[in-house]
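> here's a sequence, model it:
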Amino acid sequence: MTGFAVRLAFGLAVLGIVLYVVDIGATWQVLRGLDPALMAVAFACLLATRFLVGFKWWLLLGGQRAAVTYPTVQRAILLADYQGLLFPNTLAVDALRLVLLRHHPRGMTYMASTILADRILNTMVAASLALFGMAALLWLPTGAAIAPGVVHGVVIAASLILLAGVAVMSDRLFGLVTGSARRLLAHGPLRGPLDRVLAKMAELHRSTTTVLAEPETVARAVGVSILVVLLRIGLVYFLFASVGTWLGLLPVVAIYPIIMLIVLLPITILGIGVQDSAFIFFFGGLGIAASLSLAVSMAVYAAILVVSLAAGLIAALVGPALPTAEPTARTTVNSES
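Take a look at the predicted model:
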């Protein structure tokens, strides 16, 4: 609860600074002028991502070989998005996904490893698309001018994310980090608990790298990840269009994936303040007014809330049953007797 309060306070403080600097009246005027048809297209892009995310997770669970069906996995995704609004943080949503399918026959560690593999692939695809978009923006005669600070910010952030993804999948680096932690911290009363934590981490790492070692599965999951990120880009592209600003597609490809990844950082609630600041900084590098960028950022919040609530309510009412615990040995014996 303390962490929640701290993140909420920090987010509201950052948002307060944003609202103090930006012309709120102009932002309100932009929001009042939203085109409902283009807004609906943007919302549809976001809704489509939720089904693709469910399909991608099902692929990582084994696809046709999975112990659960795609509709079951999809229902868990929609319910996690819905219930995650109470704990608006990406890590909390992932935890809810794990809880909802906790009785998967292959166990919690395997489930956690598929979620981690999902996040690794998604972040690396987003960073790669950002670098591709920025390179195309700089080298092709698009006519779009972009501030050097934004260029440097995108390139540095995307490169660091790609390096981090490679590092997470490295057995050698994982062994180096955990070995160093054990030598530095595993003394006295900390030794037992730390050894147990490191053993669990090693188990999760082995399971995750096993999931990512299946070329066919990973190739399919990467393909779906590309579609997911492109549709999230479409969300922002059509939201800008709905307020009368038809940005070229490449600028959004270069910029929005980085904003998506920044918002994943668990430092505020639902990215409040951080997302708004990122929109203003990065799209400001393209000459977009701060009031307009803030309006689109707020529209993104609205899209997430509406889609998560609508799809989650439907998933709460209909859909296949989620996996349940197997009967205990004692129950089985009693039933046989």
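> so where's this protein shaky on pLDDT?
Flagging of the chain using pLDDT under 70 yields the residue ranges 1-4, 8, 86-92, 103-104, 142-144, 186, 325-337.
> hey, where'd the helices end up in it?
Under the criterion DSSP state H, the chain carries helices at the ranges 2-21, 24-32, 36-60, 70-83, 90-100, 108-139, 148-168, 171-185, 191-211, 215-242, 249-264, 274-284, 290-317, 329-336.
> closest to Pro323 out of these?
helix 70-83 (7.3 Å; CB to CB). Placement of C-beta: from N, CA and C, glycine included.
> what angle sits between the closest one and helix 108-139?
80 degrees (axes from the mean of the first three to the mean of the last three CA atoms, to 10 degrees).
> that older thread, now the helices of the chain as a markdown table including mean neighbour count and distance to Pro323?
Converted to a markdown table, those look like this (neighbours: other CB atoms under 10 Å; distance: least, CB to CB, whole Å):
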| stretch | mean neighbour count | distance to Pro323 |
| --- | --- | --- |
| helix 2-21 | 14 | 29 |
| helix 24-32 | 15 | 43 |
| helix 36-60 | 19 | 13 |
| helix 70-83 | 22 | 7 |
| helix 90-100 | 18 | 9 |
| helix 108-139 | 20 | 10 |
| helix 148-168 | 16 | 28 |
| helix 171-185 | 12 | 30 |
| helix 191-211 | 15 | 18 |
| helix 215-242 | 20 | 21 |
| helix 249-264 | 23 | 27 |
| helix 274-284 | 22 | 34 |
| helix 290-317 | 19 | 15 |
| helix 329-336 | 9 | 17 |
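> from the chain's centroid, how far away is stretch 40-53?
Centre-to-centre, stretch 40-53 and its host chain are 14 Å apart (CA atoms, centre = their mean, to the nearest Å).
> only alpha carbons, please: show that stretch as PDB.
Extracted in PDB, the C-alpha atoms of stretch 40-53 (Å, rounded to 0.1, in the frame of the first residue of the first chain):
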ATOM      1  CA  ALA A  40     -13.700   4.800 -32.800                       C
ATOM      2  CA  VAL A  41     -11.100   3.500 -35.200                       C
ATOM      3  CA  ALA A  42      -8.400   4.300 -32.600                       C
ATOM      4  CA  PHE A  43     -10.300   2.400 -30.000                       C
ATOM      5  CA  ALA A  44     -10.700  -0.600 -32.400                       C
ATOM      6  CA  CYS A  45      -7.000  -0.700 -32.800                       C
ATOM      7  CA  LEU A  46      -6.500  -1.000 -29.100                       C
ATOM      8  CA  LEU A  47      -9.200  -3.700 -28.800                       C
ATOM      9  CA  ALA A  48      -7.600  -5.700 -31.500                       C
ATOM     10  CA  THR A  49      -4.300  -5.700 -29.600                       C
ATOM     11  CA  ARG A  50      -6.000  -7.400 -26.600                       C
ATOM     12  CA  PHE A  51      -7.000 -10.400 -28.700                       C
ATOM     13  CA  LEU A  52      -3.600 -10.600 -30.300                       C
ATOM     14  CA  VAL A  53      -1.900 -10.500 -26.900                       C
END
